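Peer 1: All I have is the shape, not the residue letters:
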């Protein structure tokens, strides 16, 4: 069963990674990916706090608390699961950026989902 799931995982990854590359899409994916970084959301929180009204300041505070909790939980799960990055196992991937920690759960996805919930 796990082998089957792994083979589907590899198939989807290779299909997406090896099929759709051009200058515009590659750079757009990097921009979108950077929007999932915690630094991006900290900056948004600070701007919202500094220039927002009372409701904006309240949301900014919630964003910071949720960012901290999400980051801690994500890193704990990464340590427990220890799933390696795909490029360590598959040498044919086209890489735009190298991650340095484990791949699951995705910090970008966790952070972006948490911020979508708060907003």
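Peer 2: Looks like it came in fine. Treat the numbers as computed from the prediction; the structure is a model and nothing was measured.
Peer 1: Check what pLDDT the residue positioned nearest the centre of the chain gets.
Peer 2: Central residue of the chain (C-alpha atoms, centre = their mean): residue 108, 1.1 Å from the mean position. Note on residue 108: pLDDT of 76.
Peer 1: Which parts of stretch 52-69 count as buried, going by neighbours?
Peer 2: 59-60, 63-64, 66-67 (16 or more other C-beta atoms under 10 Å). All C-beta atoms are positioned from the backbone trio N, CA, C, and that covers glycine.
Peer 1: Keep only those of these that are in helices.
Peer 2: 59-60, 63-64, 66-67 (DSSP state H).
Peer 1: Turn the buried residues of stretch 52-69 into JSON lines, including pLDDT and distance to residue 39.
Peer 2: As requested, the buried residues of stretch 52-69 are arranged in JSON lines below (pLDDT from 0 to 100; distance: C-beta to C-beta, whole Å):
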{"residue": "59", "pLDDT": "90", "distance to residue 39": "18"}
{"residue": "60", "pLDDT": "92", "distance to residue 39": "15"}
{"residue": "63", "pLDDT": "91", "distance to residue 39": "13"}
{"residue": "64", "pLDDT": "91", "distance to residue 39": "13"}
{"residue": "66", "pLDDT": "92", "distance to residue 39": "15"}
{"residue": "67", "pLDDT": "90", "distance to residue 39": "10"}
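Peer 1: Which members of these are the farthest-apart pair?
Peer 2: Across the buried residues of stretch 52-69, the longest distance by C-beta to C-beta is 12.2 Å; it joins 59 and 67.
Peer 1: what touches both of the two?
Peer 2: In terms of C-beta atoms under 8 Å, 6 or more residues apart in numbering, residue 59 and residue 67 are not both contacted by any residue.
Peer 1: so what's residue 60 up against?
Peer 2: With C-beta under 8 Å, 6+ apart, residue 60 has these contacts: 45-46, 48-49, 52.
Peer 1: And it, how far from residue 5?
Peer 2: Note on residue 60: its distance to residue 5, by C-beta to C-beta, to the nearest Å, is 40 Å.
Peer 1: ditto for residue 16
Peer 2: To residue 5, residue 16 is 17 Å away according to C-beta to C-beta.
Peer 1: what do you get for residue 46?
Peer 2: Residue 46 is 41 Å from residue 5, by C-beta to C-beta.
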